[in-house]
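Novice: Structure for the following, please:
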Amino acid sequence: MTLDAVLSRIDTDLPEALDRLLHLLRIPSISTDPAYKADCAKAADWLVEDLKSLGFEASSRPTPGHPMVVAHGGEGDKHLLFYGHYDVQPVDPLSLWDRDPFDPEIQDTPKGKVIRARGASDDKGQLMTFLEACRAWKAVYGTLPGKLTIFFEGEEESGSPSLIPFMQANAAELKADIALICDTGLFSDTAPAIVTMLRGLLGEELTIHAANKDLHSGSFGGAAQNPIRVLSRILGNMHDAQGHITIPQFYDGVTELPDDIRQQWQGLAFDHASFLASVGLSVPAGEQDRTPLEMLWSRPTAEINGIWGGYTGDGFKTVLPAQAHAKISFRLVGDQDPEAIRKNFRAWVEAQLPADCSVEWKSHGAGPASVMPIDDPAFEIARAGLSEEWGRKAAYVGCGGSIPIAGYFKTYLGMDALLMGFGRDDDQIHSPNEKYDLECFHKGIRSWARILAKLA
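Specialist: Numbers count the residues shown, from 1 in each chain. Got it, this is the predicted structure:
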């Protein structure tokens, strides 16, 4: 028996694989809404039964929130852990959906067939690519493709409050040689990728206080301090004219790209003009001495996500507000220390406050960046499998967003993670009318079969 037999089985069984995915997509496992707690448990139980049908020893593990699914099976010298999440985002606003988000359908579009449903791409369709590869392998060989641990989370879309305690309590059981994560996407419609850099994230909220009540601008304007003016001036100083961030010691721990990764990125021929044009923009606004891909993947950011104060309703009100508010997020790279940046940012703001003003702080989480060591042979092995299936050399890429689980695997289980996924930029994850291309589901299954054959 050869890998060709497994790939042929995947092709033949694709209709049944789709039926299974559609069944899972019908379960409204919205983790952030307590009204769907029973549905989250139902999704976990469905996955347990499916894993058992493949020969895994599987169970749903209770947590203070939604269950974790853990399964073990197979034999081999290399122990692989596969992670995915079965919970999904809320569907609001429902009026913007073209159909019931939990009534999945295979639809024809100008670009090909798609699976339309909430969770199709993020992350049920992705996690099922791995299970279907295992199913085909089991059907052909009678065994699972190596020593495998499956770890499915039910709270990824709601902040993962139970994840770290669960990993700490079950570290010995979960630890493997390497983790496989399927929650990312292709670089372009046909270019496979392995994410080796994930930016970290730090969130801060600040309120600047001035007078003890809102003031009439005719009576006090010119004499009284305006906290909105103070706040906007301070935040306006956060970047210089070239896009560099001015907070002291902000760039401590920022590393330069290795030459081989830089060359790969240049070879991707990223069309930043089209990327920006798709959202009505044209000019890269980050550090002007960096390429657009560096701005997105390997450079840190400081962004104002929200700013408010005073009167913002209909009509006009001549008021000097007593307070002004802002929410700031920092995307972090390399070895930047989130808590050191928090401390330096707060000190930088406070040093710029004029008389009669004070600042109140609220933290919104912090997580460091993750950089994967691609000298592990597993990375080149997986890269070869992706390249064979997609007919294009897979690239090592960065990710502008944050996927905390990758860092948690390193911090709490001492293992690195391989991040591969088959989503496309137009999948509309977290938005109405989410979809997953049928081609991506099909080739995703085939990709995992090739990778498992080489890894395990």
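
Novice: List the contacts of the one residue sitting closest to the centre of the chain.
Specialist: With distances taken as C-alpha atoms, centre = their mean, residue 403 lies nearest the centre of the chain, 4.2 Å away. Contacts for residue 403 (C-beta atoms under 8 Å, 6 or more residues apart in numbering) come out as 181, 183-184, 195, 198, 370, 419. In short, each C-beta sits where N, CA and C put it, glycine included.

Novice: Equivalent analysis for residue 287, please.
Specialist: 242-244, 294-295, 299.

Novice: Helix or strand: which one has it?
Specialist: Under DSSP states H and E, no helix or strand contains residue 287.

Novice: Got phi/psi on it?
Specialist: Main-chain torsions, residue 287, degrees, to the nearest 10: phi -60, psi 120.

Novice: Run a quick neighbour tally on residue 353.
Specialist: When neighbours are defined as other C-beta atoms under 10 Å, residue 353 has 18 of them.

Novice: Residue 409 now?
Specialist: Residues lying near residue 409 (other C-beta under 10 Å) number 24.

Novice: Tell me the pLDDT of it.
Specialist: For residue 409, the pLDDT comes out at 95.

Novice: Just the contacts of residue 287: which are in helices?
Specialist: Counted as lying in helices by DSSP state H, out of these, are 294-295.

Novice: Please identify which pair of the contacts of residue 287 lies farthest apart.
Specialist: The most widely separated members of the contacts of residue 287, counting by C-beta to C-beta, are 242 and 294 (14.0 Å).

Novice: Look at those two and report which has more neighbours.
Specialist: Comparing residue 242 with residue 294 by other C-beta under 10 Å, the one with more neighbours is residue 294, at 19 against 10.

Novice: Spatially nearest residue to that one, not counting backbone neighbours?
Specialist: Distances taken as C-beta to C-beta, 6 or more residues apart in numbering put residue 257 closest to residue 294, at 7.0 Å, once the chain neighbours are dropped.

Novice: and the helix or strand where residue 384 lies, what does it pack onto?
Specialist: Assigned by DSSP H and E, residue 384 belongs to helix 377-390. Here helix 377-390 touches strand 193-198, strand 417-420, helix 438-455, going by 3 or more C-beta pairs under 8 Å, 6 or more residues apart in numbering; DSSP states H and E.

Novice: now the ones you listed in TSV, with distance to residue 63 and mean pLDDT?
Specialist: Formatted as TSV, those follow (distance: least, C-beta to C-beta, whole Å; pLDDT from 0 to 100):
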stretch	distance to residue 63	mean pLDDT
strand 193-198	24	94
strand 417-420	21	96
helix 438-455	27	97
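
Novice: To residue 374, which of the ones you listed lies closest?
Specialist: strand 193-198 (5.6 Å).

Novice: quick one: the strands in the stretch 201-350 of the chain?
Specialist: 215-216, 301-309, 319-320, 323-332 (DSSP state E, counting those that start in this stretch).

Novice: So for residue 130, which of the ones you listed sits nearest?
Specialist: Across those, closest to residue 130 is strand 323-332 (C-beta to C-beta), at 28.4 Å.

Novice: so that closest one versus strand 193-198, what angle?
Specialist: 120 degrees (axes from the mean of the first three to the mean of the last three C-alpha atoms, to 10 degrees).

Novice: Dump the C-alpha coordinates for strand 323-332 into CSV.
Specialist: C-alpha atoms of strand 323-332 as CSV (Å, rounded to 0.1, in the frame of the first residue of the first chain):
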residue,chain,number,x,y,z
GLN,A,323,-13.2,62.8,30.9
ALA,A,324,-11.7,61.5,27.7
HIS,A,325,-11.1,57.8,26.9
ALA,A,326,-9.1,55.7,24.5
LYS,A,327,-8.3,52.1,23.8
ILE,A,328,-4.8,51.2,22.5
SER,A,329,-3.5,47.9,21.2
PHE,A,330,0.1,47.0,20.5
ARG,A,331,1.1,44.2,18.2
LEU,A,332,4.4,42.8,19.4
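
Novice: which other residues reach that strand?
Specialist: 199-210, 227-228, 230-232, 235, 300-310, 338, 341, 345, 364, 367-369, 400, 402.

Novice: before we move on, what about stretch 85-97?
Specialist: In contact with stretch 85-97 (C-beta under 8 Å, 6+ apart) are residues 24, 28-33, 40, 43-44, 47, 66, 69, 101-102, 118-119, 122-124, 127, 152-158, 183, 429-430, 432-433.

Novice: Quick check: helices, which of those are part of them?
Specialist: 24, 40, 43-44, 47, 124, 127.

Novice: ok, which pair from the residues you listed is furthest apart?
Specialist: The span of these, defined through C-beta to C-beta, is set by 40 and 127 at 14.6 Å.

Novice: could the contacts of residue 287 go into TSV alongside distance to residue 73?
Specialist: Below are those laid out as TSV (distance: C-beta to C-beta, whole Å):
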residue	distance to residue 73
242	54
243	50
244	51
294	42
295	43
299	42
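
Novice: Going by distance to residue 351, which of the contacts of residue 287 wins?
Specialist: Comparing those against residue 351 with C-beta to C-beta places residue 244 closest, at 18.8 Å.

Novice: any idea how far residue 86 is from residue 21?
Specialist: Distance, residue 21 to residue 86, using C-beta to C-beta, to the nearest Å: 12 Å.

Novice: related to what we said a few turns ago, of all the strands of the stretch 201-350 of the chain, which lies closest to residue 441?
Specialist: Nearest of the strands of the stretch 201-350 of the chain to residue 441, taken as C-beta to C-beta: strand 323-332 at 30.0 Å.

Novice: Direction included, what does the closest one pair up with?
Specialist: strand 200-209 (antiparallel), strand 301-309 (antiparallel) (DSSP bridges).

Novice: Can you say which of these is packed in most?
Specialist: Of all the strands paired with strand 323-332, strand 200-209 has the most neighbours on average by mean count of other C-beta atoms under 10 Å, namely a mean of 20.

Novice: Pull the distance from that strand to the chain's centre.
Specialist: Distance of strand 200-209 from the chain centroid (C-alpha atoms, centre = their mean, to the nearest Å) equals 21 Å.

Novice: of the contacts of stretch 85-97, buried ones?
Specialist: By neighbour count, with 16 or more other C-beta atoms under 10 Å, the contacts of stretch 85-97 hold 24, 28-31, 40, 43-44, 47, 66, 69, 101-102, 118-119, 122-124, 127, 152-158, 183, 429, 433 as buried.

Novice: How many residues are close by residue 224?
Specialist: When neighbours are defined as other C-beta under 10 Å, residue 224 has 16 of them.

Novice: pretty sure it contacts residue 211?
Specialist: Yes: with contact defined as C-beta atoms under 8 Å, residue 224 reaches residue 211; the gap is 5.8 Å.
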